[in-house]
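Colleague: Below are the sequence and a predicted model for it; my questions follow.
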Amino acid sequence: MNAPDIPFVAFDPEELAEEQARLSGHTIEDLNDYLDRGRTPSDSSIDDSPACTTALTRLERLRAALRRVDSAAVDRESAGTDGWVATIIDSIRLETRAGRRIPLTSDSPVARLALTEGAVIGVLRTAGDGIDGILISRCRLDGDVTEPGAQITVRLEVSVGADGMNTGESITALTSRLRAAVHAVLVQQTELSIAAVDITVTDLYLTTPPPSSEGEADE
Amino acid sequence: MTTVTRLAVPSALDAASDALLADRAADGDVRAFEVLVRRHGPLMRVHATRILGSNDETDDVVQESFITAWRQLPTLENGAAVKSWLMRICGRKSIDRVRARRDHADITETDAAAPAALTPHHVAETQEQAEALARCLAELPDDQRRCWTLRELGEYSYTDIAEELDLPVSTVRGLLARARKTLLRELEDWR
């Protein structure tokens, strides 16, 4: 609509009185809040004011333009990430999450062997990653793993690929395969006595990438 | 020993949700953490650069943020909120830097640097406009630009900004109002 502009004067940041006079008593901030609220509840003192309508249009245009600015800036930062990503990953690698110490028996009377809980969880994750269509999110070893022979329950939270179903495999089939794989690696690589492997499917995921989580980026 | 390659090998994790990645990273999965770093690091870098006023310290601030995040991830209750949680950490680290700068030398704040990498080629009109706006944003007075960034990129409430910057809410509102009007003016020049 062609508001009979008072061609939109961009307001002097310091002149509040003039701003309110031009905007039927409102301020740019009021109008911006109004946009934030999705123009609800509707306010006729704004909607019926041509000056306000013009200003709202400008504010929306500004938002769109700034979204472009932000996403261009993010795009620039996304190109050539390898250097800084590598630095970050190298420094966090030094801080592993060891967790508890899980003893292993040894033939030697003087050698003491152990695995860290973190290493075992890592091995379980890898076993899970070997199965298409399922991803382990959380993994807990319940029970006193520091005590040889103690009964341990492995608790897994997993996410199942929703479009992995095109393999025709049911969730039950996938989780049984996971249970078997988890059992196998634990038997092979640890001496834990496994009482049970509890699997909870907490999520279904799509293997197509999620909409760019740089979120507010364009449209 | 095999060398650690960092060729971003495509994996199911690339498409995984933030929640899953955060859970795995909390359990110690570096690969999942790396996906989070690649996914959210760029926005954090933009955020840090805007708060700091230049990109001199961006690498440091973002690195520190991710190290803190790695350590504290096991305490994050809702993995799905990892993005805003990371942005908070990054915002706070950036503000700390600004404060430290102020404490060390009472210099007038560093000049706002021109936004990085304004490459001149293939500049369409909207792009030119976007660049002009980017420059305008970068040239806002420091306190305005910081409030603006916390609000727009950090998605802070007015109260949160006030708390973070140690300012009255009314001042924050005033700073944002001024910033908005300056940006509106810049936009008008492009009509």
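Modeller: Happy to help now that I have it.
Colleague: Beyond the helix of greatest length in chain A, next helix or strand please.
Modeller: In chain A, with assignment by DSSP state H, the single longest helix is helix A:50-78. Next along the chain after helix A:50-78, taking DSSP states H and E as the criterion, comes helix A:82-93.
Colleague: Any chance you could list what contacts that following helix?
Modeller: For helix A:82-93, contacts defined as C-beta atoms under 8 Å, 6 or more residues apart in numbering or on different chains pick out B:6, B:30, B:33-34, B:37-38, B:41, B:45, B:59, B:62-63, B:66-67, B:70. For every residue, glycine as well, the C-beta is placed using N, CA and C.
Colleague: rerun that using 6 Å as the cut-off
Modeller: Helix A:82-93 has contacts (C-beta atoms under 6 Å, 6 or more residues apart in numbering or on different chains) with B:6, B:30, B:34, B:37-38, B:59, B:63, B:66, B:70.
Colleague: buried set for the longest helix of chain A?
Modeller: A:51-56, A:58-59, A:62, A:65-74, A:76-78 (16 or more other C-beta atoms under 10 Å in any protein chain shown).
Colleague: Check whether stretch A:98-109 comes near chain B.
Modeller: No - shown here: stretch A:98-109 not in contact with chain B (C-beta under 6 Å from any C-beta of the partner chain), separated by at least 7.9 Å.
Colleague: I misspoke; the intended subject was stretch A:128-144.
Modeller: Yes - contact between stretch A:128-144 and chain B, assessed by C-beta under 6 Å from any C-beta, occurs at A:135, A:137-139.
Colleague: CA atoms only: put that stretch into CSV for me.
Modeller: The C-alpha trace of stretch A:128-144 is given here as CSV (Å, rounded to 0.1, in the frame of the first residue of the first chain):
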residue,chain,number,x,y,z
GLY,A,128,27.0,-49.0,17.6
ASP,A,129,28.3,-46.9,14.8
GLY,A,130,29.1,-50.1,12.9
ILE,A,131,25.4,-50.7,12.6
ASP,A,132,23.6,-48.7,9.9
GLY,A,133,20.5,-46.9,11.0
ILE,A,134,21.2,-46.6,14.7
LEU,A,135,23.3,-44.2,16.8
ILE,A,136,24.1,-44.5,20.4
SER,A,137,23.6,-41.2,22.3
ARG,A,138,24.2,-42.0,25.9
CYS,A,139,25.8,-45.0,27.4
ARG,A,140,26.0,-45.9,31.1
LEU,A,141,27.6,-48.9,32.9
ASP,A,142,25.5,-49.5,36.0
GLY,A,143,27.1,-51.5,38.7
ASP,A,144,30.5,-51.5,40.4
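Colleague: For that stretch, buried residues please.
Modeller: For stretch A:128-144, the neighbour count (16+ other C-beta under 10 Å) marks A:128-129, A:131, A:133-139, A:141, A:143 as buried.
Colleague: Kindly report the same for stretch B:167-184.
Modeller: The neighbour-count check on stretch B:167-184 (16+ other C-beta under 10 Å) flags B:167, B:172-184 as buried.
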